[in-house]
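Engineer: Here is my input; please provide its structure:
(one chain, ligands or ions: 1)
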Amino acid sequence: MGEKGRQVTSVKKTEAPVTLKQAEMQELLEELLVRLGEDPERDGLVRTPERMERALQYLTRGYQQDAEKILKDALFDVSYDEMVIVKDIEMFSLCEHHMLPFFGKVHVAYIPNGKVIGLSKIPRLVDIFARRLQVQERLTTQIAETIQRAIEPQGVGVVIEARHLCMMMRGVEKQHSAAVTSSMLGVFRDCQETREEFLSLIRARAGNGS
Ligand code: ZN
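Structural biologist: Purely as a prediction, here's the structure:
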């Protein structure tokens, strides 16, 4: 593999060049290490391209998953019409601008209109959208809109509090503040009382550490 990787940079006229598209992912990652000033042959790095490939595939596996399909198997008819809340869902994602992690908590609420989603599917839904290259704002609205389409509830509210390593590690962020985004649909948007109930329920156990 090391030999092959080197062909990328030293192509002879008589051979067909190995183009970027033909190169294996691990060859590209090995070349990335070289460009960063590293020696990919040294002990600690020999298997790094292989590990990076696996890690990157895991962290972006949401592209292979279909949120609507997963929800379809977990919808139930009920007459319950109080607010359903799943809060403090752990979220790990990669920002699409730097491919660095951002992570935090997601709070999801909705008021049913005849249908509910199996509770365990809500964190699953968060995961499917988080395991892609994202911006926090889009992640927030994708979660809300997918629930809206799946069960057409009276309304949906999603709040994400997250910290971004691309800001923290690069010294852009002055304090240890979290970015907060929200998406409010239906009654959560139109009715201040509903929205406030949601927000106060989130706050109720916030500041709990962790
Ligand atoms: Zn970023």
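
Engineer: If we ignore the residues flanking it in sequence, what's nearest the one residue sitting closest to the centre of the chain?
Structural biologist: Using CA atoms, centre = their mean, the residue of the chain that lies closest to the mean C-alpha position is residue 130, 1.5 Å off. Nearest non-adjacent residue to residue 130, counting by CB to CB, 6 or more residues apart in numbering: residue 93, 4.1 Å away. The C-beta positions use only the backbone N, C-alpha and C, and glycine is treated the same way.

Engineer: Return the residues in contact with that neighbour.
Structural biologist: 101, 102, 103, 130, 131, 132, 134, 136, 139, 162 (CB atoms under 8 Å, 6 or more residues apart in numbering).

Engineer: Tell me the buried residues in the lengthiest helix in the chain?
Structural biologist: Taking DSSP state H as the criterion, the chain has its longest helix at helix 136-151. Under the neighbour-count criterion of 16 or more other CB atoms under 10 Å, helix 136-151 has 136, 139, 140, 141, 142, 143, 144, 146, 147, 148, 150, 151 buried.

Engineer: One more: stretch 29-38?
Structural biologist: Applying 16+ other CB under 10 Å to stretch 29-38 flags 29, 30, 31, 33 as buried.

Engineer: for the record, mean pLDDT for whatever helix or strand the second one lives in?
Structural biologist: Assignment of secondary structure by DSSP states H and E places residue 30 within helix 25-35. This predicted structure assigns helix 25-35 an average pLDDT of 96.

Engineer: Tell me the neighbouring strands of whichever strand or helix holds residue 90, and mark each as parallel or antiparallel.
Structural biologist: Residue 90 is part of strand 84-95, with elements assigned from DSSP H and E. Neighbouring strands of strand 84-95 in its sheet, by DSSP bridges, are strand 101-111 (antiparallel), strand 133-134 (parallel).
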